[in-house]
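[1] A predicted structure for the sequence below; I have some questions about it.
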Amino acid sequence: MKRLIIFVFSLFLSGAAAFAQSDLQPAAIVRLTRSEPITVKQLKTEVDRLEKGSRRTLNEQERRQVLDVMINEKLAIQAAERDRVTVSEGEVTQQVQELRTGMIQTLGRQPTEEEFTMAVMNETGLDVPSFREQIRRQLIVQKYLMAQKKSILESFQVPTEEEIANRYTLEKAQFVRPDTVRFSMIQVPFNADGSDKSRARELADRLTRDIGSNPTKFDEAVIRAQAQGSGYRAGDGGYLPRNMQAQQMVGQEFMDTVFALRQGEVSKLIEGPRGFQIVKITEKYEQKNLDLDDLVQPGSRITVREYIGNRMLQERQQEVIERATAELVTELRRGNSFQVFENNIRW
């Protein structure tokens, strides 16, 4: 029995060793300036990260495309090193800080380190050190592309007024502003399990009696919400378009109630899934087919003309980036600059 256990255990160890060895085998070797492998494990890690992000399994052709991207990146980085194109830690930090700034705008405060780490993981599937390394590689590739293909990248033309007008004519049906309101809201929250709903209801009923239909008293209640221990929140609710997507977010009762009000009117008490609300309409817009000089949406500073022009410009920039990238990749892949081990990338 003892010898049998040893035999089985040895088979297990040999199997594990074979698995580890296969993961360490090269999926490809890049050798533009030096020999640098991309291991099967590295490829699997990247495929797994992309699968988790897309929530689906990549097929063999897509996995090969992932490998091609990894090869292209290593070729570009080796070429950049050869030509002394570098990226500083400060440039990497600046890119990371942009993500932090976005979180500050969303949260209304500085994110904690734990919140930032979680956001990076959710967005990229990477921990922060790996995320910084990814940014560093991307910046090197971008710098090298700009250095090598500057003439192509700067060859796009800013769209003319005539071109913008022609695009607007083709897409005019898309530029419709639905009925829209802007509202101020008082909300008395309660827990999802309803454990404090009775308390919230008492406060909401008291606010409703105090305010009635008086807009001035509504505004006074909004100010009192800032006091510590008020038990409720209040402020600008932003713009609400009357469409299916918005209704799915706020609920039909809320939607029907606010759009039945005139500008300046105060609503009845509305019960939502997480709180009681009282609303006052501060702006109201009827549905309209937008012209070129109309704002894309209420509260925006961008006109339809500017929106179309910016989008056309981005399309042209993307086109030249793709053309420049394809040309650079073709040049880097010439000769014997890499080798793919087909038998190692089938799983």
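    Perfect, thanks for sending it.
[2] so which helix or strand takes in Q42?
    Per DSSP states H and E, Q42 falls inside helix 40-54.
[3] And the average pLDDT for that helix is what?
    The pLDDT scores in helix 40-54 average 92.
[4] to the chain's geometric centre, what's the distance from it?
    Mean-position distance between helix 40-54 and its chain equals 19 Å (C-alpha atoms, centre = their mean, to the nearest Å).
[5] Please give me every residue in contact with the residue lying closest to R132 once chain neighbours are set aside.
    Once flanking residues are discounted, R132 sits nearest to V92: 5.6 Å by C-beta to C-beta, 6 or more residues apart in numbering. Where you see a C-beta, it was placed from the backbone N, CA and C, and this is true even at glycine. Listed by C-beta atoms under 8 Å, 6 or more residues apart in numbering, the contact set of V92 reads 132, 135-136, 139.
[6] Throw these into JSON lines and include distance to Q314, neighbour count and pLDDT, thanks.
    Listed next are those as JSON lines, based on distance: C-beta to C-beta, whole Å; neighbours: other C-beta atoms under 10 Å; pLDDT from 0 to 100:
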{"residue": "R132", "distance to Q314": "27", "neighbour count": "17", "pLDDT": "95"}
{"residue": "I135", "distance to Q314": "22", "neighbour count": "21", "pLDDT": "95"}
{"residue": "R136", "distance to Q314": "25", "neighbour count": "18", "pLDDT": "96"}
{"residue": "L139", "distance to Q314": "20", "neighbour count": "19", "pLDDT": "96"}
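[7] now, among those, which is nearest to N59?
    Nearest to N59 among these, counting by C-beta to C-beta, is I135 at 28.7 Å.
[8] related to what we said a few turns ago, which helix or strand lies directly C-terminal to the helix or strand hosting the residue nearest to R132?
    Following DSSP H and E, one finds V92 within helix 89-107. Per DSSP H and E, the first helix or strand lying C-terminal to helix 89-107 is helix 113-124.
[9] quick one: average pLDDT of that next one?
    According to the model, helix 113-124 has a mean pLDDT of 89.
[10] ok, and what's touching that helix?
    49, 53, 99-100, 103, 107, 111, 126-128, 131, 134.
[11] Highest neighbour count among those?
    Neighbour counts for the contacts of helix 113-124, by other C-beta atoms under 10 Å, peak at F131, which reaches 20 neighbours.
[12] Confirm that that one sits in a helix.
    Yes. Counting by DSSP: H, G, I helix; E, B strand; the rest coil, F131 is part of a helix.
[13] Kindly state the pLDDT recorded for the residue nearest to M146 when sequence neighbours are not counted?
    Once flanking residues are discounted, M146 sits nearest to L153: 6.2 Å by C-beta to C-beta, 6+ apart. Here the pLDDT value assigned to L153 is 94.
[14] doesn't V320 make contact with L153?
    Yes. Here L153 reaches V320: they are 5.6 Å apart, a contact under C-beta atoms under 8 Å.
[15] What ranges does the stretch 101-250 of the chain have for its helices?
    Remark: helices assigned in the stretch 101-250 of the chain by DSSP state H, counting those that start in this stretch are 113-124, 128-148, 150-153, 161-171, 197-211, 215-224, 244-250.
[16] From the chain's centroid, how far away is stretch 268-285?
    Worked out by C-alpha atoms, centre = their mean, stretch 268-285 lies 29 Å from the chain centre.
[17] ok, now how distant is L170 from E163?
    11 Å (C-beta to C-beta, to the nearest Å).
[18] Among the two, which residue is more densely surrounded?
    E163 (14 against 9).
[19] Would you mind giving the secondary structure of the closest residue to that one other than its chain neighbours?
    Beyond its immediate neighbours in the sequence, the residue positioned closest to E163 (C-beta to C-beta, 6+ apart) is M312, lying 6.8 Å away. Here M312 is recorded as helix under three-state DSSP.
[20] Run a quick check on M312 versus R167, I expect a contact.
    Yes. Using C-beta under 8 Å, M312 is in contact with R167, at 6.3 Å.
[21] Now list whatever residues contact both of the two.
    Contact criterion C-beta under 8 Å, 6+ apart; residues shared by M312 and R167: P159.
[22] how many neighbours does V329 have?
    Considering only other C-beta under 10 Å, V329 is surrounded by 16 other residues.
[23] sec struct for it, please.
    helix.
[24] doesn't I71 make contact with it?
    No. The criterion here is C-beta under 8 Å, and V329 misses it with I71 at 9.2 Å.
[25] so where's the stretch 101-250 of the chain uncertain?
    Applying pLDDT under 70 to the stretch 101-250 of the chain picks out no residues at all.
[26] please redo it, this time with the cut-off set to 90
    The stretch 101-250 of the chain contains residues with pLDDT under 90 at 101-112, 115, 119-120, 122-126, 191-196.
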